[in-house]
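Trainee: I need the structure of the sequence given here:
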Amino acid sequence: MVSFELSEEIQAVREAASRFAQREILQRIAEDEKKHQFQNGALHMKAIKKR
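Mentor: Presented below is the predicted three-dimensional model:
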């Protein structure tokens with residue numbers, strides 16, 4: 001039988017990406033929607049700088 005479970009390493013990457021999205025992206029989107037603005041590329045650059 002084929003196992004479709006994710007390895008521990010893949011699960012950790014998935015969880016880290018989810019935390020990043022919750023903390024950085026969703027917060028920024030909520031702020032931008034309140035101000036009726038859109039910052040093209042701002043999130044992309046922030047993600048690159050954190051590496």
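Trainee: hey, let's count contacts and neighbours off CA atoms from now on
Mentor: Noted.
Trainee: With just CA atoms, put the helix or strand harbouring Arg14 into CSV.
Mentor: In the assignment (DSSP states H and E), Arg14 maps to helix 8-20. C-alpha atoms of helix 8-20 as CSV (Å, rounded to 0.1, in the frame of the first residue of the first chain):
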residue,chain,number,x,y,z
GLU,A,8,8.3,15.0,9.8
GLU,A,9,10.6,17.3,7.8
ILE,A,10,7.8,18.2,5.3
GLN,A,11,5.3,18.7,8.2
ALA,A,12,7.8,21.1,9.9
VAL,A,13,8.2,23.1,6.7
ARG,A,14,4.4,23.3,6.2
GLU,A,15,3.9,24.5,9.8
ALA,A,16,6.7,27.1,9.5
ALA,A,17,5.1,28.4,6.2
SER,A,18,1.7,28.5,7.9
ARG,A,19,3.1,30.5,10.9
PHE,A,20,4.8,32.9,8.6
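Trainee: Which positions in it come out as buried?
Mentor: By neighbour count on 16 or more other CA atoms under 10 Å, the buried set for helix 8-20 is empty.
Trainee: One more: stretch 29-43?
Mentor: Within stretch 29-43, judged by 16+ other CA under 10 Å, the buried ones are Ile29.
Trainee: tell me the average confidence for that stretch?
Mentor: Stretch 29-43 shows an average pLDDT of 76 in the prediction.
Trainee: quick one: that stretch to chain centroid distance?
Mentor: 15 Å (CA atoms, centre = their mean, to the nearest Å).
Trainee: List of residues touching that stretch?
Mentor: 24-25 (CA atoms under 8 Å, 6 or more residues apart in numbering).
Trainee: Tell me what angle whichever strand or helix holds Arg28 forms with helix 8-20.
Mentor: Assigned by DSSP H and E, Arg28 belongs to helix 26-35. Here the directions of helix 26-35 and helix 8-20 differ by 20 degrees (axes from the mean of the first three to the mean of the last three CA atoms, to 10 degrees).
Trainee: Off-centre distance for helix 26-35?
Mentor: For helix 26-35, the distance to the chain centre is 14 Å (CA atoms, centre = their mean).
Trainee: Now it - C-alpha only, PDB.
Mentor: Only the C-alpha atoms of helix 26-35 are listed here, as PDB (Å, rounded to 0.1, in the frame of the first residue of the first chain):
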ATOM      1  CA  LEU A  26      -2.400  38.000   6.900                       C
ATOM      2  CA  GLN A  27      -1.600  40.900   9.200                       C
ATOM      3  CA  ARG A  28      -0.400  43.000   6.300                       C
ATOM      4  CA  ILE A  29      -3.400  42.200   4.200                       C
ATOM      5  CA  ALA A  30      -5.800  43.200   7.100                       C
ATOM      6  CA  GLU A  31      -3.900  46.500   7.500                       C
ATOM      7  CA  ASP A  32      -3.900  47.200   3.800                       C
ATOM      8  CA  GLU A  33      -7.600  46.500   3.500                       C
ATOM      9  CA  LYS A  34      -8.400  48.900   6.300                       C
ATOM     10  CA  LYS A  35      -6.500  51.600   4.500                       C
END
